[in-house]
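1. From the sequence below, what's the structure:
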Amino acid sequence: MNQNIIETDIEKVKSWPGACNLDSDFIIVDQLANAPFPTTARRMNFILMGLCTKGEVTYTMDTREYTLRPGNVILVSERHVVDGYNASPDFEGLCMMISMPFYSEIMRNVSDVSAMFLFAHNNPLYELTERDQKVFGNYYNVIKNRLADTDNVFRRDLVRTLILAMFYDLGNVIYRFQQVKAQRQTRADIIFTQFIRLVEQHCHTERRVSWYAKQLDITPKYLSEMVKNVSKRTPNEWIDNYVVLEIRVTLKNSSKSIKTIAEEMNFANQSFLGKYFKEHVGMSPSEYRKS
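-> From the prediction side, this is the model:
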């Protein structure tokens, strides 16, 4: 999605309470209880990594609901849409936000570590052991101290190197997690994961279950059985959720006309999009944009 529709921009995060930054490339926030997280659908243009230390947070990401509790790590890439954020009064946590250009600068020669964010696609929330929580907290504190040392001419290089080291440590945690999970992964899990990846990439142009089944080289009936077995939802429900999500974010975060949105989302015309949206949201696109 075009950058001009993004409202939760990393540049805006710099003004959050407790934020410490390296220009608009890297930001650390430790007063998350006071951070103005969005309560309506927003697509971010940065990578977010956070550790809950107290209380809890409920939120939806790409239509799925999660609860972040003490010891849980959250990983959200710039492709995802977060909605329905709601924190308990005693919520506390540590958070790092990395711009995509800076991430590329850090990871450009370490392809094996970049797999961490491919993992995050399917496991955006997972639990750390007490030891791993301390490792994350130690990196957090060291990086924050280096950020505060604005007189150091090697500040950017130091921060970049520390983040890379942290990624290696977390990469090891993820490797262990994947080894355990791989033993439990079923055929249905694999098909569901592949299906969701395809929907994320193509929902703006394809809404036919048969098309997704063909890409996976299986029958529509078999795809429906596997998806429903894993998620308790049908493929059509998942496709509709992602299509509506794309439309909602565009309506709220851009000035594009409804006609333009209909064309970009491959609807026959504006009227068809309006009927589809009202059927799933309960109001017209225009009413939703004003709400």
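
2. next SSE after the helix or strand that contains Glu11?
-> Using DSSP states H and E, Glu11 falls within helix 10-13. Sequence order places strand 19-22 as the next helix or strand after helix 10-13, per DSSP H and E.

3. Summarise which helices and strands that next one is packed against.
-> Packed against strand 19-22 by the contact rule (3 or more CB pairs under 8 Å, 6 or more residues apart in numbering; DSSP states H and E) you find strand 26-29, helix 130-148, helix 155-184. Bear in mind the C-beta positions are built from the backbone N, C-alpha and C, glycine included.

4. Let's see that with 7 Å instead.
-> strand 26-29, helix 130-148 (3 or more CB pairs under 7 Å, 6 or more residues apart in numbering; DSSP states H and E).

5. which neighbours does the first one have in its sheet, and in what orientation?
-> It stands for strand 26-29. strand 19-22 (antiparallel), strand 92-99 (antiparallel) (DSSP bridges).

6. Please identify the most buried of the ones you listed.
-> Ranked by average neighbour count under the criterion mean count of other CB atoms under 10 Å, those are headed by strand 92-99 at a mean of 22.

7. What is the distance between the next helix or strand after that one and the centre of its chain?
-> Past strand 92-99, further along toward the C-terminus, the next helix or strand under DSSP H and E is helix 100-107. Counting by CA atoms, centre = their mean, to the nearest Å, helix 100-107 is centred 17 Å from the centre of its parent chain.

8. what does stretch 23-43 give?
-> Relative to its chain's centre, stretch 23-43 lies at 13 Å (CA atoms, centre = their mean).

9. helices and strands of this structure: which one has the lowest mean pLDDT?
-> Lowest mean confidence among the helices and strands of the chain (mean pLDDT, DSSP states H and E): helix 115-122, at a mean of 60.

10. How about residues contacting the helix or strand that that helix is followed by?
-> Going down the chain from helix 115-122, the next helix or strand is strand 125-127, by DSSP H and E. With contacts defined as CB atoms under 7 Å, 6 or more residues apart in numbering, strand 125-127 is touched by Tyr66, Leu68, Gly71, Asn72, Val73, Ile74, Phe177.

11. for the first one, helix, strand, or coil?
-> Here Tyr66 is strand, with the state taken from DSSP: H, G, I helix; E, B strand; the rest coil.

12. which non-adjacent residue is nearest it?
-> Spatial nearest neighbour of Tyr66, chain neighbours left out: Leu125 (5.0 Å); criterion: CB to CB, 6 or more residues apart in numbering.

13. among the strands paired with strand 26-29, which gets the worst mean confidence?
-> Note on the strands paired with strand 26-29: lowest mean pLDDT is at strand 19-22, with a mean of 87.

14. Just the CA coordinates for that one, please, in PDB.
-> Coordinates of each C-alpha in strand 19-22 appear next as PDB, following Å, rounded to 0.1, in the frame of the first residue of the first chain:
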ATOM      1  CA  ALA A  19      11.000   8.000  23.300                       C
ATOM      2  CA  CYS A  20      14.700   8.000  22.500                       C
ATOM      3  CA  ASN A  21      15.700   8.100  18.800                       C
ATOM      4  CA  LEU A  22      18.300   7.900  16.100                       C
END
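
15. okay, now the residue nearest to Asp25 when sequence neighbours are not counted: neighbour count?
-> Of all residues not flanking Asp25 in the chain, Phe102 sits nearest, at 3.7 Å (CB to CB, 6+ apart). For Phe102, the count of nearby residues is 22 (other CB atoms under 10 Å).

16. How about Arg289?
-> So Arg289, with other CB under 10 Å, has 15 neighbours.

17. Distance of it relative to Val281?
-> For Arg289, the distance to Val281 equals 11 Å [CB to CB, to the nearest Å].

18. remind me which residues of the chain are low pLDDT?
-> Flagging of the chain using pLDDT under 70 yields the residue ranges 1-9, 34-39, 78-79, 104, 107-122, 175, 177-185.

19. Break it into its domains for me.
-> Following automatic domain parsing, one finds the domains of the chain at 3-184, 187-290.

20. Could you check how far the longest one is from the centre of its chain?
-> Looking back up the chat, that one is domain 3-184. In this view, domain 3-184 has its centroid 10 Å away from the chain centroid, taken as CA atoms, centre = their mean.

21. which outside residues touch the helix holding Glu11?
-> With CB under 7 Å, 6+ apart, helix 10-13 has contacts from Ala19, Ser24, Ile27, Asn45, Phe46, Met97, Ser99.

22. One more: stretch 226-233?
-> Residues outside stretch 226-233 that contact it (CB under 7 Å, 6+ apart) are Ala188, Asp189, Ile191, Phe192, Phe195, Thr234, Pro235, Trp238.
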